[in-house]
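Visitor: Provided below for reference: sequence and predicted model.
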Amino acid sequence: MQHTCKLAMAQMRMTDSIEENLQKSLNFCDEAADSDLLFFPEIQLSPFFPQYEKRNADQWCMQESAPELEALQEKAAEHKLYLSPNVYLEQKGKRYDTSLFITPEGQIADRTKMVHIAQARQFYEQDYYTPSDEGFKVFDTPFGKIGIVICYDRHLPESVRTCVLKGADLILIPTANTKAEPLTMFEWEIRVQAMQNQVFIAMCNRVGREGGMDFAGESLVVHPSGDVIVKADDQEQLIRCELNLGEAREWREKVPYLGTRRPEWYL
């Protein structure tokens with residue numbers, strides 16, 4: 001197994017136009033053509049509509065067969081990279097905040113839906129999203145196992161821990177963090193979870209002002225030691241780094257936190 005992964009994150013500014021957001025996503029695919037894996041912020045093809053209570057979001061919702069997703073699948077196949085877009089997806093009459101996992105052949109291998117749904121000022125997500133009916137998933141790649149934890153899910157430590165217990169070497173977090181939020185605390189949250197679970201974690205955020213929210217960027221990648229490998233500013237950009245995912249397993253052998261767990265005593 002190759003362990004080195006060329007990771008790319010598209011820190012994006014969104015508009016009210018699905019077409020513009022899609023074209024920007026496709027352009028990032030072209031820019032990341034020499035990468036192994038590219039992922040995006042939360043609900044990348046739409047404005048952040050959950051900042052408003054109980055609005056009609058039909059125009060932002062799509063089926064898995066949508067032409068926009070087919071265009072992203074084609075880009076994955078063109079550049080032979082793994083792609084994980086995050087979209088507002090409908091399945092069997094229910095709507096989910098969903099990250100797809102697209103293979104280098106352009107096939108949707110599977111999907112992860114947000115498990116925990118927030119309901120707070122400017123994050124009225126329970127008005128729009130159904131909680132996942134499938135739980136957390138981990139995807140096999142030639143360079144390691146990839147888990148996905150969507151935005152608010154990361155605040156519940158069971159999310160990252162579950163992915164790691166399923167074998168994840170790298171956790172992707174598509175998110176929507178604003179400048180009004182405790183960004184320093186959010187960085188430490190990721191660093192501590194990476195260290196405690198001895199896993200690489202990459203978090204990709206939106207940028208720009210949308211309505212009453214100013215998205216912060218500051219996407220980052222954290223090593224299993226808890227050290228920050230790369231951290232962006234608040235500008236739109238493609239972030240790249242090369243990770244040896246085998247180091248996650250090395251750290252678990254060196255400091256066996258997971259091996260000393262006693263789940264029979266946990267609630």
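Guide: Yep, it's here.

Visitor: how about the nearest residue to Gln122, chain neighbours excluded?
Guide: Distances taken as C-beta to C-beta, 6 or more residues apart in numbering place Gln51 nearest to Gln122, at 4.4 Å, with adjacent residues excluded. Glycine gets a C-beta too; all of them are placed from N, C-alpha and C.

Visitor: so how far is Pro85 from the one you found?
Guide: Per C-beta to C-beta, to the nearest Å, Gln51 is found 21 Å from Pro85.

Visitor: then Ala118?
Guide: Taking C-beta to C-beta as the measure, Ala118 falls 21 Å from Pro85.

Visitor: mind checking which of those two has more residues around it?
Guide: Pro85 (28 against 16; other C-beta atoms under 10 Å).

Visitor: residues touching the more buried one, list them.
Guide: Counting by C-beta atoms under 8 Å, 6 or more residues apart in numbering, Pro85 touches Ser25, Phe39, Phe40, Gln44, Leu45, Leu69, Leu72, Ser99, Leu100, Ile102.

Visitor: give me the buried entries from these.
Guide: Ser25, Phe39, Phe40, Gln44, Leu45, Leu69, Leu72, Ser99, Leu100, Ile102 (16 or more other C-beta atoms under 10 Å).

Visitor: now the contacts of Pro85 in JSON lines, with distance to Leu220?
Guide: Formatted as JSON lines, these follow (distance: C-beta to C-beta, whole Å):
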{"residue": "Ser25", "distance to Leu220": "21"}
{"residue": "Phe39", "distance to Leu220": "13"}
{"residue": "Phe40", "distance to Leu220": "15"}
{"residue": "Gln44", "distance to Leu220": "18"}
{"residue": "Leu45", "distance to Leu220": "23"}
{"residue": "Leu69", "distance to Leu220": "27"}
{"residue": "Leu72", "distance to Leu220": "24"}
{"residue": "Ser99", "distance to Leu220": "18"}
{"residue": "Leu100", "distance to Leu220": "23"}
{"residue": "Ile102", "distance to Leu220": "23"}
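
Visitor: residue contacts, Thr98?
Guide: Asn86, Val87, Tyr88, Leu89, Arg111, Thr112, Lys113, Met114.

Visitor: same question for Ser46.
Guide: The contact partners of Ser46, by C-beta under 8 Å, 6+ apart, come to Met14, Ile18, Asn21, Ala57, Trp60, Val87, Tyr88.

Visitor: which one is the first one nearest to, not counting chain neighbours?
Guide: Excluding its sequence neighbours, the residue lying closest to Met14 (C-beta to C-beta, 6+ apart) is Asn21, at 5.2 Å.

Visitor: that neighbour sits in which helix or strand?
Guide: helix 18-31 (DSSP states H and E).

Visitor: then that helix to CSV, C-alphas only?
Guide: C-alpha atoms of helix 18-31 as CSV (Å, rounded to 0.1, in the frame of the first residue of the first chain):
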residue,chain,number,x,y,z
ILE,A,18,-25.4,27.1,-8.4
GLU,A,19,-23.9,27.4,-11.8
GLU,A,20,-21.2,29.8,-10.6
ASN,A,21,-20.4,27.7,-7.6
LEU,A,22,-20.2,24.6,-9.8
GLN,A,23,-17.8,26.3,-12.2
LYS,A,24,-15.6,27.4,-9.4
SER,A,25,-15.6,23.8,-8.0
LEU,A,26,-14.6,22.5,-11.5
ASN,A,27,-11.9,25.0,-11.7
PHE,A,28,-10.5,23.9,-8.4
CYS,A,29,-10.6,20.3,-9.7
ASP,A,30,-8.4,21.4,-12.6
GLU,A,31,-6.0,23.3,-10.3
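
Visitor: I am finished for the moment; much appreciated.
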